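In: return atomic coordinates for the entry below.
(one chain, ligands or ions: 1)
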Amino acid sequence: DQPLIVTLDGPAGSGKTTVAKMVAARLGIAYLDTGAMFRAFALHLGPQSWTRSEADLRNGLAGLGFAVKGRGEESALLLNGEPLGAEIRQEEVGMWASNLARLDVVREILKQAQQRLGAETPLVAEGRDMGSVVFPQAKFKFFLEAAPEERARRRWLQLKEMGVEEDLDALAENLRRRDDQDRNRTIAPLKPAADAVIIDTAGLTPEAVAERIVQIVARLP
Ligand code: C5P
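Out: Numbering: from 1, shown residues only. Sure, this is the predicted structure:
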């Protein structure tokens, strides 16, 4: 029997992270931020890594191992035993991650890591392809939508709270480019799984979105 997996996919700034933490807390399980895994790889490899050869990337990523500790809001993603720092949150690193995320070799390495974590621990798994590719058997799949301006505003606020100041217009433009790239790539593009419940988060608080998800998970056996 597979541990419980709830998948939560959507574009940048759709509120996934906030909602995923709340749902994980309500269900008493861990939360996995798979965007942070792509960002950690991007930061580890440095600028222009996506132009490197497959063998070179494989080498650069060999020996890196992820683990998940704790539950709910306290869930932490560790890379070789160390928690990931705030540096991965910079928008520039997000763009690097999106560039790397187009490559089969990188997606394969991370998919295996994600599936291994999911086989060990019940998870709320958040990302772009959790329901469509990584956990196609998950019983509960959700996809969050929100208007682009709203997503840019949320992202801006979230970064500000972390002490990262970004220009709102530049951020909106960056998110738009990153989303286009994520939606239009050949491998594991951002799109709802056929059996995902789509939630338009416009006008809903993160609490309300989390509540809707928990209701559905609690209702089905
Ligand atoms: O979620 P976050 O914005 O932190 O993700 C950073 C980038 O990592 C995304 O723009 C996307 O290109 C990539 N990503 C992905 N698949 C996932 C999670 C993130 O391709 N499951």
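In: mind checking if the helix or strand of the chain with the lowest mean pLDDT is in reach of the ligand?
Out: Every helix and strand of the chain was ranked by mean pLDDT, DSSP states H and E. The lowest is helix 148-161, at a mean of 90. No. For a cut-off given as C-beta under 6 Å from any ligand atom, helix 148-161 has no contacts with the ligand; the smallest distance is 8.6 Å. All C-beta atoms are positioned from the backbone trio N, CA, C, and that covers glycine.
In: quick thing: my sequence starts at 825, can you match it?
Out: All set: I'll call the first residue 825, so the last point we hit is now helix 972-985.
In: thought Leu832 was touching Asp953?
Out: No. Using C-beta atoms under 8 Å, Leu832 is not in contact with Asp953, being 11.6 Å away.
In: what parts of this protein come near the ligand?
Out: Counting by C-beta under 6 Å from any ligand atom, the chain comes close to the ligand at 836, 858-859, 862-863, 918, 921-922, 925, 951-954, 1002, 1006.
In: just the ones of these in helices?
Out: In this view, the residues of the chain next to the ligand that belong to helices under DSSP state H are 858-859, 862-863, 918, 921-922, 1002, 1006.
In: just give the nearest non-adjacent residue to Leu968, would you?
Out: Leaving aside its chain neighbours, Leu968 sits nearest to Gly834 (3.6 Å; criterion: C-beta to C-beta, 6 or more residues apart in numbering).
In: and for the one you found, the neighbour number?
Out: 25 (other C-beta atoms under 10 Å).
In: go ahead and flag the most central residue of the chain.
Out: Geometric centre of the chain, nearest residue: Gly951, 2.9 Å, by C-alpha atoms, centre = their mean.
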